[in-house]
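Engineer: got a predicted structure plus its sequence, pasted below:
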Amino acid sequence: MAIIEFPKDIRWGAATAAYQIEGAATKDGRGLSIWDTFSKTPGKVLNGDNGDIACDSYHRYEEDIELMKELGIDIYRFSVSWPRIFPTGTGEVNQSGLQYYHDFVDALLANGIEPMCTLYHWDLPQALQDKGGWENRETVDAFAEYSDLMFKEFDGKIKKWITINEPWCVSFLSNFIGIHAPGYQNLQLATTISHHLLLAHGKAVTKFRESGLTGEIGYAPNLEWNEPYSNKQEDIDACNRGMGWFIEWFFDPVFKGSYPQFMLDWFEKKGVTLSIQDGDMAFIHQPIDFVGINYYTGSVVRYKENHELFDNEKVDIGYEKTDFDWNIYPEGFYKALSKLKDQYGQIPIYITENGACYNDGVENGRVKDQRRIDYLKQHLTSLSRAIDSGVNIKGYLTWSLLDNFEWAEGYDKRFGIIHVDFNTLERTKKDSYYWYKQTIKNGWFDM
Ligand SMILES: N=[N+]=NCCCCNC(=O)[C@@H]1[C@H]2[C@H](O)[C@@H](O)[C@H](O)[C@@H](CO)[C@@H]12
């Protein structure tokens, strides 16, 4: 087999998010989020699961950090629960919430692990949703206020900030497809929200720059790779529309200062208009220091007249799938990263999420998740190819450190390299944890 080697200065990490691991949903003054509401709405989350306890990382983070330290990562991506800081989204600050994150970040730093902080990983304060949520431009300003407070409060401790995690999920998966909170199915609403999210990102970047604080700031869009079923122009166009929903729609405004015309035209055909106010694009288009890329899967796509949103359909050509039924498509990772370099230049990239759902259980104290090891090998090989092709990769953070609350799938879908027993909260290092530990130590692996 082949030895796959990485640059000596690449950062190796892991990622999680507040609502998915913390629990302590009503502890120490935390306000409600839309995911507290959504998960308690019958039928929205598999098995009626919710984040009341999750991994209980709110109380167990010292144990989690010990596991990170043994793993050998030097960077850890987590998110802050906005309603822990501002229980009603704005106004009065919850000092206990701030103190929790100070204690947590101090513990990371004491163990030589750099914190990478996501400000918004989907847990919008319910009080803001009650006033229209991301459809209301006041939420954009509330996010800027929250971000500004966090930048100043953690100055000197947190030097890598991510504004918005996966704006495609927050806008379209949650307000058009509707399977995530708050669960609407309205294309105009979702498109309006996508603009407000990018505006919120831009206003937070402005606050960061105005603060004069040291550090780096970016956002973390998710993307899937779509491959045309044939070289027929109708298939290529259908494929590009599907991918444009993830890539050009969320990258062009930030890196080029305007929405992609082919997508605007398509949305207009669907009766969707985008109301952009003077100055909006200037906020969105300002330079950022890195982009976080979340990659999981890809598909073969072909034209299908009047089918779904983009007149296209995914064609199952037999790719192996994870336990989430997502295609395993590592070539798409390489192709997507190459496309980003070709279209947007040498912006520094952190892979802020990549991993797979495999539900292997504990047997005699061990979790034999060889399929996850194989997934990681294949995708890290694609990453190595991208690096060798000149893509400016600064780091790789696997999703996820822990099995956790997988949104609408609850605890049924496991992405962790550490198994969590959600009855006892016992952590068990999986085979993939040991494999990743050795890969980090060596800086290479044997394919
Ligand atoms: N077919 N298919 N579809 C792929 C759709 C991908 C959209 N979901 C994500 O990227 C989420 C991201 C999220 O940040 C994290 O909080 C989630 O736990 C992971 C795992 O779900 C990923």
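Structural biologist: Looks like it came in fine.

Engineer: grab the nearest non-local neighbour of the residue of the stretch 1-150 of the chain found nearest the ligand.
Structural biologist: Nearest residue of the stretch 1-150 of the chain to the ligand, counting by Cβ to the nearest ligand atom: residue 17, 5.0 Å away. For glycine as for every other residue, the C-beta is placed from the backbone atoms N, C-alpha and C. Leaving aside its sequence neighbours, residue 17 sits nearest to residue 121 (Cβ to Cβ, 6 or more residues apart in numbering; 3.9 Å).

Engineer: quick check: the residue of the stretch 201-350 of the chain found nearest the ligand vs residue 363, distance?
Structural biologist: Proximity of the stretch 201-350 of the chain to the ligand (Cβ to the nearest ligand atom) peaks at residue 222, 4.1 Å away. Separation of residue 222 from residue 363 (Cβ to Cβ, to the nearest Å): 33 Å.

Engineer: neighbour count: the two, which is higher?
Structural biologist: The neighbour count for residue 222 versus residue 363, taken as other Cβ atoms under 10 Å, is higher for residue 222 (20 against 8).

Engineer: bridging residues for the more buried one?
Structural biologist: Beta-bridge pairing for residue 222 (DSSP bridges): residue 294.

Engineer: tell me the pLDDT at it?
Structural biologist: pLDDT recorded at residue 222 is 97.

Engineer: how about it, what does it touch?
Structural biologist: Going by Cβ atoms under 8 Å, 6 or more residues apart in numbering, residue 222 touches 166, 168-169, 246, 293-296, 353.

Engineer: please convert the buried members of the residues you listed into ChimeraX selection syntax.
Structural biologist: What follows is the ChimeraX syntax for the buried subset of the contacts of residue 222, where burial is set by 16 or more other Cβ atoms under 10 Å:
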select :166,168,169,246,293,294,295,296,353
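
Engineer: what's the first helix or strand after the helix or strand harbouring residue 435?
Structural biologist: Using DSSP states H and E, residue 435 maps to helix 431-442. Helices and strands here follow DSSP H and E; after helix 431-442, the next one along the chain is strand 444-446.

Engineer: for that next one, packing partners?
Structural biologist: Applying 3 or more Cβ pairs under 8 Å, 6 or more residues apart in numbering; DSSP states H and E, we find strand 444-446 packed against strand 3-5, helix 431-442.

Engineer: and the shortest one, average pLDDT?
Structural biologist: Read that as strand 3-5. Mean pLDDT, strand 3-5: 98.

Engineer: tally of neighbours for residue 73?
Structural biologist: Residue 73 has 25 neighbouring residues, counting by other Cβ under 10 Å.

Engineer: need the contact list for the residue nearest to it when sequence neighbours are not counted.
Structural biologist: Spatially, and ignoring its direct neighbours in sequence, residue 73 is nearest to residue 13 (4.7 Å; Cβ to Cβ, 6+ apart). For residue 13, the contacting residues are 73-77, 116, 395-398, by Cβ under 8 Å, 6+ apart.

Engineer: not counting its neighbours along the chain, what's nearest residue 409?
Structural biologist: Nearest one to residue 409, counting by Cβ to Cβ, 6+ apart, is residue 46 at 5.1 Å.

Engineer: same thing with residue 392?
Structural biologist: Nearest non-adjacent residue to residue 392 (Cβ to Cβ, 6+ apart): residue 346, at 4.7 Å.

Engineer: can you confirm that neighbour is in a strand?
Structural biologist: No: Residue 346: not assigned to a strand; according to DSSP: H, G, I helix; E, B strand; the rest coil it is coil.

Engineer: near the ligand too, which of the contacts of residue 222?
Structural biologist: Among the contacts of residue 222, proximity to the ligand is found for 166, 169, 294, 296, 353 (Cβ under 6 Å from any ligand atom).

Engineer: just those: which are in strands?
Structural biologist: 294, 296, 353 (DSSP state E).

Engineer: angle of the helix or strand harbouring the residue nearest to residue 73 against helix 431-442?
Structural biologist: Element membership for residue 13 (DSSP H and E) is strand 11-15. Interaxial angle of strand 11-15 relative to helix 431-442 (axes from the mean of the first three to the mean of the last three Cα atoms, to 10 degrees): 160 degrees.

Engineer: what residues does the stretch 201-350 of the chain have near the ligand?
Structural biologist: 222, 294, 296-297, 326.

Engineer: no further queries at this time; thank you.
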